[in-house]
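Chemist: Requesting a structural model of the entry that follows:
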Amino acid sequence: MIIEAIAPTRVDFAGGTIDIWPLYLFHPGATTVNFAISLYARCRIETRDDDRVILESRDRKVSFETNLGEIENLIHEERLELISKLVHFFKPETGFHLIAESAAPAGAGLGGSSALAIACIGALNRLVGDRYPESKFIPIAANIETTVIRVPAGFQDYYGAFYGGANSIQFSIEGIRREAINVDPLALESRVVICYTGEPRLSGINNWEMFKSHIDGNPVIFKLFDSIRDAAQQMRHALAAGDWQRVGEIMRAAYPNRKRLAPNITTPHMEMLVEKALANGAEAAKVCGAGGGGCIAFLCSEDGKEPVERALAAEEGTEVLRWNFSRDGLVVRQN
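Modeler: Numbering: from 1, shown residues only. Modelled structure (predicted):
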């Protein structure tokens, strides 16, 4: 039997960090906005006739082997830690070879590890006979990834990976609710440039520092989180209306607030790339994820994408990513 699962990564357009429990409980109306892109995380499982278990990451070029009798020990395995902990959780009863890979660069800030978790959960759950309903996939992913990164995990990335499309994820005491945003994919693709800076991001460090400051009751941090919430709510309406001028205004207003919240969200190299993109026609910039490296998304005018891409591609170490809007989220196929 062969099982293949794919899940898209995402660009977070507004509302990052406020999706971490329990921070959103202190900001009524907490919202994040993201859209899924075609840099997929993939998981392929091929069953075996023996009790061997082979775990492999193609993009990280790491693989190792164990057996069904040793699956309990995977809870302590540091090689391919996320995948190992997922296999430990599902505890399959047949031998298999699992191959994982991601099209997003390492440390891109595009939710790659969360997309990989969703893809692997989809494949492993099928391997064990669809033991869990799909409604459990996101909580399982968040809880297991938290044990890997050892700091609280945000939730928005899993929703982009599971559902695809453009998403408004709304957080409240009642729980988390996802609302699809009807966007024009061609307009989005023609206006947004995604540039990988060549520097892996520091998401765990940046998010943990913000988390601690918030929990300590810092009033400045509270006010900045309110501004993050407000920007995300505004972004939701602007995208739904196709109001790209307003999208740019929201991004420009949010950029300095994110820097005040986490000064390490940008590096000198990232600041240089932002300045260069703006000088070549970009209208606004958004650091993807928690920053400190990774990717930057740039909003351009309807016909202004090419000069921005050329300017960024000319910088050593950077990569302009090729992507498309992903309408679909998790897809699991079985042969």
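
Chemist: Contacts for the longest helix seen in the chain next, please.
Modeler: Longest helix of the chain, by residue count under DSSP state H: helix 219-241. The contact list for helix 219-241 (Cβ atoms under 8 Å, 6 or more residues apart in numbering) reads 13-18, 23, 26-27, 29-33, 166, 168, 179, 181-183, 210, 213-214, 244, 246-247, 250, 253-254, 257-258, 260-261. For glycine as for every other residue, the C-beta is placed from the backbone atoms N, C-alpha and C.

Chemist: Among these, which lie within helices?
Modeler: Using DSSP H, the members of the contacts of helix 219-241 that fall in helices are 210, 213-214, 244, 246-247, 250, 253-254, 257-258, 260-261.

Chemist: got a list of what residue 277 touches?
Modeler: 193, 195, 285, 296, 298, 308, 311-312.

Chemist: moving C-terminal of the helix or strand it falls within, what's the next helix or strand?
Modeler: Following DSSP states H and E, one finds residue 277 within helix 268-279. As assigned by DSSP H and E, the chain's next helix or strand after helix 268-279 is strand 284-287.

Chemist: strands paired with that following strand, and their directions?
Modeler: Strand 284-287 pairs in its sheet with strand 295-299 (antiparallel), by DSSP bridges.

Chemist: what's the angle from the next helix or strand after the partner strand to helix 268-279?
Modeler: Helices and strands here follow DSSP H and E; after strand 295-299, the next one along the chain is helix 305-313. On the basis of axes from the mean of the first three to the mean of the last three Cα atoms, to 10 degrees, helix 305-313 is oriented at 150 degrees to helix 268-279.

Chemist: helices and strands around helix 305-313, which ones?
Modeler: Applying 3 or more Cβ pairs under 8 Å, 6 or more residues apart in numbering; DSSP states H and E, one finds that helix 305-313 contacts strand 192-196, helix 268-279, strand 319-320.

Chemist: now the angle between strand 192-196 and the second one, please.
Modeler: Right, helix 268-279. Using the same axes, to 10 degrees, helix 268-279 lies at 160 degrees relative to strand 192-196.

Chemist: Centre of the chain to the helix holding residue 277, how far?
Modeler: A distance of 23 Å separates the centroid of the chain from that of helix 268-279, by Cα atoms, centre = their mean, to the nearest Å.

Chemist: cool, stretch 95-104 as well?
Modeler: For stretch 95-104, the distance to the chain centre is 18 Å (Cα atoms, centre = their mean).

Chemist: Give the rounded mean pLDDT of that stretch.
Modeler: The pLDDT scores in stretch 95-104 average 97.

Chemist: Over to stretch 13-24?
Modeler: On average, stretch 13-24 scores 92.

Chemist: ditto for stretch 219-229
Modeler: For stretch 219-229, the mean pLDDT works out to 92.

Chemist: Give me the buried positions along that stretch.
Modeler: Using 16 or more other Cβ atoms under 10 Å as the test for burial, stretch 219-229 gives 221, 224-229.

Chemist: Could I get those residues in JSON lines, plus columns for distance to residue 62?
Modeler: Output for the buried residues of stretch 219-229, formatted as JSON lines (distance: Cβ to Cβ, whole Å):
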{"residue": "221", "distance to residue 62": "38"}
{"residue": "224", "distance to residue 62": "38"}
{"residue": "225", "distance to residue 62": "37"}
{"residue": "226", "distance to residue 62": "42"}
{"residue": "227", "distance to residue 62": "41"}
{"residue": "228", "distance to residue 62": "36"}
{"residue": "229", "distance to residue 62": "39"}
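
Chemist: out of these, which one sits closest to residue 189?
Modeler: residue 228 (25.8 Å; Cβ to Cβ).

Chemist: State which strand of the chain is the longest.
Modeler: Criterion DSSP state E: the longest strand present in the chain is strand 31-47.

Chemist: How far off centre is that one?
Modeler: Centre to centre, stretch against its chain (Cα atoms, centre = their mean), the figure for strand 31-47 is 9 Å.

Chemist: same for that strand, what does it pack against?
Modeler: Using 3+ Cβ pairs under 8 Å, 6+ apart, strand 31-47 is in contact with strand 2-14, strand 96-102, helix 112-127, helix 156-163, strand 166-172, helix 219-241.
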